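> next come a sequence and a model predicted from it.
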Amino acid sequence: MVKATKIIFAFLCTAVCNWKMHHVSADCINDRSYSFTRMNGKGGSCQWIRNKGFRRERLCAKNEVHENCPVTCGACCEDDSSFVFVNGKKEVSCDWIGDNQARKDKICSKRRNGRMVRDACPLSCDFCQAYITVMPSSSLTSSPSIVQSSRPSNVPSSMPSSTPSIVQSSRPSDVPSSELSSTPSRRPSSKLSDVPSSKPSPTPSRSLSSRPSAVPSSACKNNFFYKYNGRRSCRYIRNDEERRLFLCKKDEVMQNCPVSCGKCCADNDDFTFRTVDNTEVTCDWLSTAKRVEDYCEKWSQGKLMVRDGCPMSCGFCPSNPASRP
């Protein structure tokens, strides 16, 4: 019993640490005044910690470093809204870099206004770091947090809760309950059942799908008007794999960019583009390998690449970060 209690407290401590990591700063900025005390007595800044991969992995496991260097430790990734620098004769901010690859190549590795631009503008410069988990405390806490962790443990508690949660889990168990629910879900399951329904569908499909989507096709499209942080489109998120894996873990991004995040994959029924003879066609027209090769990498008149409007037909379906180990 004592051993089980210690295990529970250890997991609770880890949850508290992780919750603090993700909520340490509303602005998501490294503390530039922070200095980690090294064994030789010298100090080490958040930038110094980030400059070596092995150093970052070792030090970001410490509570103190994680709290003061959230960007370095991958707890979040946002541009410093207060950072400005002179480009030519104009004073610009991280927003100026935007989705312009030429500007990224030119400016992100330069020092401006006393800082490396990529350190002040990690999101714009595609310099977001992978998340490093804080090591659990070696001492048990007598007052565990009442706030649930935003990164729950992968290992279940050895003791069941006496008071079940009233909010359903975003990560359901792979093992079904042995008892039937008194209040079954109204939403269909994202996984196909091995047992057919006892009630037929009133409007069955006319053709079988070779790759059924986990989300109805009517909902399986990126929100063209959505901008993460007011400026980052779903296409921008999709165009860099490390960025995609990082941002698609956010519920907001996953809901607005289901295709970019690999939650589902379906052609946009409203999307059209023009062929070389100026004929307006839909994704269904991409029925041959030749057409896919000739058109999927082209831009449509709506400033959207054909592969973004027709991901299924173009074979441009990314994986879901949530399904990765």
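Right, received. Where do you want to start? Residues are numbered from 1 along each chain as shown.

> tell me where the stretch 201-325 of the chain has helices.
Assigned by DSSP state H, counting those that start in this stretch, the helices in the stretch 201-325 of the chain fall at 234-238, 241-247, 251-256, 289-295, 306-309.

> in contact with Ile97, which residues?
Contacts for Ile97 (C-beta atoms under 8 Å, 6 or more residues apart in numbering) come out as Arg103, Lys104, Ile107, Cys108, Val117, Cys121, Ser124, Cys125. Bear in mind the C-beta positions are built from the backbone N, C-alpha and C, glycine included.

> counting neighbours, what do you get for the nearest residue in space to it that is not next to it in sequence?
Counting by C-beta to C-beta, 6 or more residues apart in numbering, the nearest residue to Ile97 once its immediate chain neighbours are dropped is Ser124, at 4.1 Å. Counted with other C-beta atoms under 10 Å, residues neighbouring Ser124 total 25.

> one step back: could I get the helices of the stretch 201-325 of the chain as JSON lines with mean pLDDT?
Listed next are the helices of the stretch 201-325 of the chain as JSON lines, based on pLDDT from 0 to 100:
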{"stretch": "helix 234-238", "mean pLDDT": "85"}
{"stretch": "helix 241-247", "mean pLDDT": "86"}
{"stretch": "helix 251-256", "mean pLDDT": "91"}
{"stretch": "helix 289-295", "mean pLDDT": "91"}
{"stretch": "helix 306-309", "mean pLDDT": "88"}
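
> among these, which is the most enclosed?
Burial of the helices of the stretch 201-325 of the chain is given as mean neighbour count (mean count of other C-beta atoms under 10 Å); helix 306-309 ranks first at a mean of 23.

> other residues contacting it?
222, 235, 238, 267-268, 271, 273, 283, 286, 295-300, 314, 316.

> if we go to 6 Å?
Helix 306-309 is contacted from outside by Arg235, Asn268, Phe271, Phe273, Tyr295, Cys296, Lys298, Ser300, Cys314, Phe316, using C-beta atoms under 6 Å, 6 or more residues apart in numbering.
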